[in-house]
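Asks: Sequence first, predicted coordinates after that:
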Amino acid sequence: MKKELKLNIQGMTCSHCATSIEKLLLKSKGVKGAKVSYPEGECVCTYDADEISKQEILDTINATNHYQAKEAEESKKYNQSTDEETYDLIIIGGGSAAFSAAIKAESLELKTLLVNCRLNFGGTCVNVGCVPSKYLIRAGEAVYHASHSNFKGIKPKGASVDFAQIIRDKKKLVETLRQKKYLDVVEDFKNLTLLKGWAMFTDAHTIEVSGKQYKGNKFLIATGAATNIPEIEGLDKIDYLTNVTLFDLEEKPESITIMGAGYIGLEIAMAYNRLGVKVRIIEFTDRVLRKETSDISVILENQMQKERIELLPNFRAVKFEKTENGIIIHCLCPDGSIRQITEKGKVVVATGTKPNTDKLGLEHTGVKLTESGHIEVNEKMLTNISHIYAAGDVANTPAYVYTAAYEGKIAVENAFTDANKKTDYSYLPWVVFTDPQIAGVGLNEEQAEKQGLPFEVSKLDLKEVPRAITANDTRGFIKLIRNKENDKLIGARVVAPEGGELIQQLSMAVKYGISIQDLAENLYPYLTLSEGIKLAAITFGKDVSKLSCCAS
């Protein structure tokens, strides 16, 4: 008699593991089919119950000692709702975390309501964040390289820029990805209801949307974050822009003044400057990217100076005034004096973000917030209220689209199964898409010192990397931080053109405890940027400037 068995499998580390388990099961007499998913950690096995039992199938997998299998609980048992307006799961938000959670919920056959407001479905990343900003950054790079060359024998002739067309194409891309990667994905979901409107808790198990109440057994708050608008006199009178409004502006501004020199402000500055907009940055601290070490800031500041981006460090805007000749920005200078700066174009606010927790009625739930206003969650994405979870930028976790998606899935798994999964960001890779790019993973030297770790730093300038030398572009460095006691990599920083492409390898090295010796002795293709990792590892014990090419 043919039957189907659903299993949860732990211990897989890649898709090859899934393939190996499938082959192992199909060798067993009585197993007619096996489909294993590594991302989901699940297996669907069809078998002849007259030839093989459930337990024998489980024993086949568990005997490997690499994988642990158990029968999946029937997901329908979680679908306990009987009332038409009561849901197993209510998701508040419509971005990466929300959709990742909805996809997982559908696989568990949970009756789910997803309520979205503020931005369109897809959230910050696709609408006003990652997608449009990186599109404009690449467009700016095309213009820059059409008029700048690292080779004396090449004289570029420049580029003709149709700014409005670039923005229209950006909008089209955003609309396409929003549809294909979000709405189309959930179109056929049988248990999911999408709702547009403002959700507000009236009690810990009820939300109200447009005057109608919806009850939920469990909740996931994934409302993201928005630009933090500082309280400065006159700012609300000048029609300032943020990334939400700037990226849709088809008429190219004559100039922009950006408030803030964090990663958002810097990416905007480089993209728009290269597209022909005069750019000024006002930063209230002494340097750009102040959360990173100063050697990173110096390289970026030098590049911006080279490209004639005006940077005003230690300037604090204290008043904005709209006049016929433009916007006057009153700034407190480092020496205590007040300087008036006139901006004839637009002011762009990029002074960090704040979580979207206002007007959600969280006071009716007892959910605890941090001092910064984020929802406080543990490693399982659970708040202090046993049936309410939070994920993404609204939570006190790293604010990246890929961590949001990761957290949304984990939250649903922990809420409705015994997965007991925990987030681990000790090996989290990140990238700032300036030119050169800034990428990092793990600890930098200042963080390692604060933690009292026995660390050592190796810093290799790109002038020692053959790939960079032959490209006539040696801007940047590769920095590795190791634990001196065990030689393990505990952090890295890369400053390089396309340096973001290196960071995943270094993230894996941190995650799996790969030693500096292993990195130094590995084989790397000659004349690749990744060879710089090997050279940086060698630098802990040798002067690579005295080695021949490919030597170690």
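Replies: That came through, no problem.
Asks: Low-confidence regions, the chain specifically.
Replies: Along the chain, the parts satisfying pLDDT under 70 run over 13-14, 39-40, 73-84, 550-552.
Asks: Show me how it divides into domains.
Replies: When the chain is parsed with automatic domain parsing, its domains come out as 2-72, 84-228+352-424, 235-350, 429-546.
Asks: In JSON lines, list those domains along with mean neighbour count.
Replies: In short, each C-beta sits where N, CA and C put it, glycine included. What follows is those, written out as JSON lines (neighbours: other Cβ atoms under 10 Å):
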{"stretch": "domain 2-72", "mean neighbour count": "16"}
{"stretch": "domain 84-228+352-424", "mean neighbour count": "19"}
{"stretch": "domain 235-350", "mean neighbour count": "18"}
{"stretch": "domain 429-546", "mean neighbour count": "19"}
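Asks: Could you check which helix or strand contains Arg482?
Replies: Secondary structure assignment for Arg482, by DSSP states H and E: strand 477-483.
Asks: so what strands line up beside that strand?
Replies: strand 455-461 (antiparallel), strand 489-496 (antiparallel) (DSSP bridges).
Asks: Any idea which of those strands gets closest to Val115?
Replies: strand 489-496 (39.4 Å; Cβ to Cβ).
Asks: pretty sure Ala439 is touching Pro497, no?
Replies: No: contact criterion Cβ atoms under 8 Å: Ala439 and Pro497 do not qualify, at 11.4 Å.
Asks: Not counting sequence-adjacent ones, nearest residue to Asn167?
Replies: If you look again at residue 167, you'll see it is Ile, not Asn. Leaving aside its chain neighbours, Ile167 sits nearest to Glu250 (4.7 Å; criterion: Cβ to Cβ, 6 or more residues apart in numbering).
Asks: Settle this for me: that neighbour is touching Lys170, isn't it.
Replies: No: counting by Cβ under 8 Å, Lys170 is not a contact partner of Glu250; they are 9.8 Å apart.
Asks: now the helices: where do they sit in the stretch 451-552 of the chain?
Replies: For the stretch 451-552 of the chain, applying DSSP state H, counting those that start in this stretch gives helices covering 466-470, 503-511, 516-521, 531-538.
Asks: okay, the angle between the second one and helix 531-538?
Replies: Same thing as helix 503-511. For helix 503-511 against helix 531-538, the angle by axes from the mean of the first three to the mean of the last three Cα atoms, to 10 degrees is 40 degrees.
Asks: just the strands in the stretch 201-350 of the chain please.
Replies: 206-209, 212-221, 225-227, 255-259, 278-283, 310-313, 316-323, 326-332, 338-343, 346-349 (DSSP state E, counting those that start in this stretch).
Asks: I'd like to know which elements the longest one is packed against.
Replies: So the one you mean is strand 212-221. If contacts are counted by 3 or more Cβ pairs under 8 Å, 6 or more residues apart in numbering; DSSP states H and E, strand 212-221 sits against strand 86-92, helix 96-107, strand 112-116, strand 206-209, strand 388-390, helix 401-416.
Asks: mind giving me CSV with these and columns for distance to Ala317?
Replies: As requested, those are exported to CSV (distance: least, Cβ to Cβ, whole Å):
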stretch, distance to Ala317
strand 86-92, 34
helix 96-107, 32
strand 112-116, 34
strand 206-209, 38
strand 388-390, 33
helix 401-416, 30
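Asks: So which of those is nearest Thr64?
Replies: Nearest of those (Cβ to Cβ): helix 401-416, 23.4 Å.
Asks: Next up, the contacts around Met381.
Replies: Contacts for Met381 were tallied using Cβ atoms under 8 Å, 6 or more residues apart in numbering; they are Tyr389, Ala390, Ala391, Ala395, Glu407, Ile410, Ala411, Asn414, Thr423.
Asks: my bad, Asn356
Replies: Contacts of Asn356 by Cβ under 8 Å, 6+ apart are Arg118, Thr223, Gly224, Ala225, Ala226, Asp393, Val394.
Asks: Distance check, it against Leu332.
Replies: Going from Asn356 to Leu332 by Cβ to Cβ, to the nearest Å gives 30 Å.
Asks: With Glu208 instead?
Replies: 44 Å.
Asks: could you measure the residue nearest to Pro466 when sequence neighbours are not counted against Leu289, distance?
Replies: Leaving aside its chain neighbours, Pro466 sits nearest to Leu527 (5.4 Å; criterion: Cβ to Cβ, 6+ apart). Distance, Leu527 to Leu289, by Cβ to Cβ: 30 Å.
Asks: Pipe the contacts of Met381 into a markdown table and attach distance to Asn472 per row.
Replies: Shown next, in a markdown table, are the contacts of Met381 (distance: Cβ to Cβ, whole Å):
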| residue | distance to Asn472 |
| --- | --- |
| Tyr389 | 51 |
| Ala390 | 48 |
| Ala391 | 45 |
| Ala395 | 44 |
| Glu407 | 42 |
| Ile410 | 45 |
| Ala411 | 48 |
| Asn414 | 51 |
| Thr423 | 42 |
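Asks: Farthest pair within the residues you listed?
Replies: Within these, two members stand farthest from each other by Cβ to Cβ: Ala395 and Asn414, at 13.6 Å.
Asks: I'd like to know which of the helices and strands packed on strand 212-221 lies nearest to Ala269.
Replies: Here helix 401-416 is closest among the helices and strands packed on strand 212-221 (Cβ to Cβ), at 21.4 Å.
Asks: Next secondary structure element downstream of the closest one?
Replies: The helix or strand immediately downstream of helix 401-416 is strand 429-432, counting by DSSP H and E.
Asks: I'd like the helices of the stretch 451-552 of the chain as CSV, with distance to Thr293 appended.
Replies: What follows is the helices of the stretch 451-552 of the chain, written out as CSV (distance: least, Cβ to Cβ, whole Å):
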stretch, distance to Thr293
helix 466-470, 21
helix 503-511, 16
helix 516-521, 20
helix 531-538, 16
